[in-house]
Structures are given as C-alpha cells and as structure tokens.
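K.L.:
How does the following fold in three dimensions:
(2 chains)
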Amino acid sequence: MATGDAITVTMIDDHPVVLAGAEHWYSTADPPIKVVASGAGVETAWTPPGDTAAVVVLDLQLGGRPPAYDELRRLVEAGRQVVVYTMRDDERTALTCMDLGAFTFLTKAEGEEHLIAATAAAAHDRPYTPPALAGAFGADTAPDRPKLSLREEEVLIEWFQCESKELVAQRLGITPRTVSSYLDRVRVKYANVGREARTKANLVARAIQDGLIDVGDL
Amino acid sequence: MTRTAERRRDRPAARVEDRLLRGARLSVLAVTVGVQFGLCLPTFVEHGGRYQPLWLEIAGFALMAGVAAVAAACLARDGRIPSPARRAGLALVLLAAVAAAAAAPPGNYLDRAHWYFGLVGWYGVLLLFDRPLAHLAAFLGANLAIALAKAVVSGPPEARAWAAMAVSVVSVYGFQLALSLVIREVRRVAARARQAAEEEERFRTAEAVAEHVHRDHRQRYVALLGAVVPLLAGLGYGSLDPSDPEVRRRCAQEAARMRRLFAEKDDVADRLVHELRAVMEVAEHRGVTVRFAARGEPRDLPRDVRRELIDPVAAVLAAAVAGARVTVVRTPDTVRVSALGDGPAPEGSAAEGRAAPRLESGSPRVAVNAVVAENRVWVEAVWRQATPSR
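P.N.:
Numbering: from 1, shown residues only, chains lettered A, B, ... in the order given. The predicted structure is shown next:
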C-alpha cells in the first residue's frame, strides 16, 4: 500500500488551488507524504494509481452537488481510510461523516498542521480528533452517543475552543499528552459504537494494543 | 406575544358589548314569559270552557312556551339565538298562533279569549332581536293576517269593531315596534362602547410598549454612559491620546459594545450568535482575523445573560492584534462562549494560569475564567442552567 516508507495519499477536491496547496504541504512534511493521485471526482480514488493509496482525503462538496455522503460510504465500505476535508463546519456534517465511517473530519480552516497529522494518523490507524470534530462530539446529544466521562467532555469542548493542547492542559492542570489521550479515547469510543468498517476495527484494535483503552472500557 | 396581546385587547372591549346586549335580550325574554304566564295564562284559564277543541288551544300555548324555553337555553349558553333556531322559532310561533286562533271562540282579538294576539308580537321582538326592523314588521303583519282571517271567518265585524281592532293593533304592535327601535339604539350604543373600550385598550398597550422601549433605551444609554462618554470626552478635550494603544483598545472595546447593543434590537432566530457576530465585525474592521465556530442547537437566553456571555469575548477581541477564535458551544445544560486572542490580557482577567471562576452578580449563573499563556489570552464565559434543586 505504501511506496517505500512514504505514506501515500489520494486527494479529491474540486478546487485546483486546494489540491496544489495540500500537495505542497505534504511534500514538505516530515516524514514526507506522497500524493499518488489527485482529482476533482471520486473516480480518482477507484482507478490506478489512486486506488492503492493508504489514505483518501475527500472534499465533501464536489462541483456544487449535495455533500458526497454516498461516495464516502462506498469508499468506507471498500475498506478505505478516508479523511474528510471540507468547508462545512457544523456538527451535523461532522457526526454524519463519523457515522458513515470516515476516519476523521477536518475543516479547511484548520489548516496544514492538522491535515498532515491527520493523514499520518490515518495511515497508522491511530485516532485523530481535530478541534472541529471535538466540538461536534462535545455538543452531540444523540441518544446513541457513546458514554463519555465529564473530563472527556470538558477536554473535547476546550480543545474545540482554543485549538491548543497546551492551553487545555494548563487550564485543567494536566499534561498535553493526557489531553491527547482523552481525545483519542473519545474517538475510539465513537468508533466502537459506529458501523462496522475497517476504520472501526483498526482504530479499536490499535487503541487496545497501544494501551489507550481497556477492553473493559468498551 | 402577539396572539395573547390581541386576545387580551379584545376581551374587555367585547365584554362591554356582550354584557349590554345580553342584558337587553334577557329583559325581552322576561317580558315575553311574564306576559305569557302572568297575563295570558289567567285569561286562558278563565275562558277555558270556550275553546273548541281545548287541546288545540293548549297545544298552541305549550308550543309558544317551548319556544321561550329553547330561546332561554340558547341565551344562557352563548348569549344569542343562532339563525336556524330563530327561523324554526318564528315558524313554530306562527303555527302556534294558527292553532290558538283556530280553537279560539268565534269573533276577533278584542275578545280577551284571544290571548295569543299580543303575545305573538313579543315572541317576534325576542326572536328578531338583532334583525332589521322590517323583519319584525313583516312578522307582525303575518300575525295580524292570522287574526284577521279568524275574525272574517267568524262573520265580518261591523265598522265600529273594525275601528276598535285598528286601535288595538296600533297600540299593541306599535308599542312592540317602538321597543324594537329602542333595542336598535341600545345595540348601537353597545357597539360604540366596545369601540371606545378597544381604543382605550390599544392606547394602553401602545403606552406600555412605549414605556418598555423607553426603559430599554435608558438601560442601553446607562450601559454606555459609564465608559463611552468619558472616552469621547477625553478624546474631545485632548486628555486622551488616540495614538496610545490602550486608548485605542478601549475605543475598540466600546465600539464593539455599542454594536452589540444595536444588535440586541434585531429580530433573529439565534440572538446570541447574531450579537456575537456584531462584536466580531468590529474586530474584523480593525484588521483582526476572527474565526468563528458554533456547536449545538440555538437556545433562548435572557438578554442580561447574553450580555454577560458576550462582554468578556468583546474584551478579548478589542485587545486582539492579528487573530482570534470565537466559539459557542451549547449543550443541554450549558452555553459556553469562548474567545482566544493574541493580544494582551484584558483588565480583570487573571494574570496567568487558571483563574478562579467568578460568579457575576445580577445574572443567574455566568462564570468567567481566563487563561493567559504564550502571549495569548483565552477567556471563557459559561452559563449553566439553574438546577431544579436550586
């Protein structure tokens, strides 16, 4: 799935500027991430060379059509690791993408740092919860949402508010590492209640393997 | 608000009219029943042996009494007699008159045994209460025709009898028609009273609204007075230097506050976010890039709570130099408004680290806390829904 050591990415976005910008970010990342295919339509992810990339970065809004939920679902069902990368910044979209089995949900406002980190995390099946997604988890009132601890909810909302693990850590009197582990645990809990998909299986398995979460917690 | 206000406005006004008309209707009903049982019944009993057949005369009497009972029930229930009941009542009364006239002894209505003659007119007044006068005249005409038919069938009366009958018609029916005219006047007075009451209610409402608006304006003015006026005065008299960053920060903050006060007047679905946007726009006009995100369903908050949630954000935005992030998170029990800015810490926030939550007086529960680090300031205002145990 990977060419050499580099993480491979297929990027789908209907704005050439976004594709060019992201490609540049990836090329300067350390370790570098290789964009093997990019295009304005989902077919890029289904045809060589895009069909073998480890991660698919998908824009939800393609060519002014309604959000590409169906395309997302098909990619997830085919076992692809999908990072949703979108202009839409609302909890309904974020939670819908999670429900459909996306690996993570990233808004374009969140920028370079999050895109690279999320892509790397996706390639290694490690949870990644950017602030926009954390806010959606924190405000989620669905009856079937996973049970979160008070501290987990607090971390979600404060991470959404300030986008800085250091500030959250300072505020709550914990270390930034602990902040990350709270966020990761929430993501795994969501994956665990979500539909069967490669993302879910791998996230949960990896989390247990890493000691992030106990089988008993789930 | 509008529906209840409208209902409230209509109620006392309509009540004035209702009460007047209901009283007039009940009076007519009382007169009708009084005439039937107080005057007609004794005569009927007195001449009981003269009716042929007696049962028909009794049926006529009972039929009229039945109409009076139904009319009383209608008046008691909704204060008026509905059209179908009125039409049926008029028909039945005429039918009763025909029955009573048929069974009455030969002769004309000058004979006291013809008790129905005047009574039928009272039923006309009762049933045609809110109809035009011509309807009553027609009804009385029909009744007169019945009585005349009876008189002619019994053998044409002599000229003197005709004259006496005419006098009787004029005095009985003329009185009833005149009474109907009086009722019409009462109805007009009632309508005018209702209009006047409505007018007064409208006036009172307008006065209350104006007072409320005025109080609102005064509160806003007071809110600005403490900070804006000294600032403007200082700039005007030259005691404050516009190039001083602190003065500029204060100006930015007051501009944001004024913008928020103006936004409070707007009618929008999500007031909190609307007012926050107003504050953010001011920062954006100063060149600060503001990123905004909201989570959770909009909910209604009292104006004072909104102010206390937004004011700390406005302070951070006023101090911000290049960028800021503003967020709103609404969960079922809390509303949390946060601002992260790159400027110096606004006055009153903690110097560094975790600040002790401060409970604002005057609002149910708005706690403000601030974190200052790495040349960034992060302020959060949290409103918590009062728990039932409180």
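K.L.:
Show me the domain layout of the chain.
P.N.:
Going with chain A. Using automatic domain parsing, the domain parsing of chain A gives A:1-124, A:125-218.
K.L.:
To clarify, I was referring to chain B.
P.N.:
If you go by automatic domain parsing, chain B breaks into B:2-201, B:241-384.
K.L.:
what would these look like in a markdown table with mean neighbour count, distance to chain A and mean pLDDT?
P.N.:
The C-beta positions use only the backbone N, C-alpha and C, and glycine is treated the same way. Below are the domains of chain B laid out as a markdown table (neighbours: other CB atoms under 10 Å in any protein chain shown; distance: least, CB to the nearest CB, whole Å; pLDDT from 0 to 100):
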| stretch | mean neighbour count | distance to chain A | mean pLDDT |
| --- | --- | --- | --- |
| domain B:2-201 | 16 | 30 | 85 |
| domain B:241-384 | 19 | 4 | 80 |
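K.L.:
Now distance to residue B:232 too, for these, in TSV please.
P.N.:
Output for the domains of chain B, formatted as TSV (distance: least, CB to CB, whole Å):
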stretch	distance to residue B:232
domain B:2-201	39
domain B:241-384	9
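K.L.:
re earlier: nearest to chain B, out of the domains of chain A?
P.N.:
Nearest to chain B, of all those, is domain A:125-218, at 3.7 Å by CB to the nearest CB.
K.L.:
and the closest one, how far out from the chain's middle?
P.N.:
Computed by CA atoms, centre = their mean, to the nearest Å, the separation of domain A:125-218 from the middle of its chain amounts to 12 Å.
K.L.:
Now do the helices in the chain.
P.N.:
Using chain A. A:16-27, A:43-46, A:69-77, A:91-100, A:111-123, A:131-139, A:150-162, A:165-172, A:176-193, A:198-209 (DSSP state H).
K.L.:
Please refer instead to chain B.
P.N.:
B:2-34, B:41-46, B:54-78, B:83-103, B:116-127, B:133-153, B:159-237, B:245-263, B:271-285, B:303-319.
K.L.:
With distance to residue A:105 as added columns, please give those in JSON lines.
P.N.:
What follows is the helices of chain B, written out as JSON lines (distance: least, CB to CB, whole Å):
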{"stretch": "helix B:2-34", "distance to residue A:105": "42"}
{"stretch": "helix B:41-46", "distance to residue A:105": "91"}
{"stretch": "helix B:54-78", "distance to residue A:105": "62"}
{"stretch": "helix B:83-103", "distance to residue A:105": "67"}
{"stretch": "helix B:116-127", "distance to residue A:105": "76"}
{"stretch": "helix B:133-153", "distance to residue A:105": "77"}
{"stretch": "helix B:159-237", "distance to residue A:105": "41"}
{"stretch": "helix B:245-263", "distance to residue A:105": "31"}
{"stretch": "helix B:271-285", "distance to residue A:105": "21"}
{"stretch": "helix B:303-319", "distance to residue A:105": "26"}
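K.L.:
So which of the ones you listed is nearest residue A:110?
P.N.:
helix B:271-285 (18.7 Å; CB to CB).
K.L.:
angle of that closest one against helix B:303-319?
P.N.:
Going by axes from the mean of the first three to the mean of the last three CA atoms, to 10 degrees, helix B:271-285 is angled at 20 degrees with respect to helix B:303-319.
K.L.:
Out of the helices of chain B, the one nearest residue B:293 is which?
P.N.:
Residue B:293 sits nearest to helix B:271-285 of all those, at 10.6 Å, using CB to CB.
K.L.:
Could you tell me the angle between the closest one and helix B:245-263?
P.N.:
Using the same axes, to 10 degrees: helix B:271-285 against helix B:245-263 is 140 degrees.
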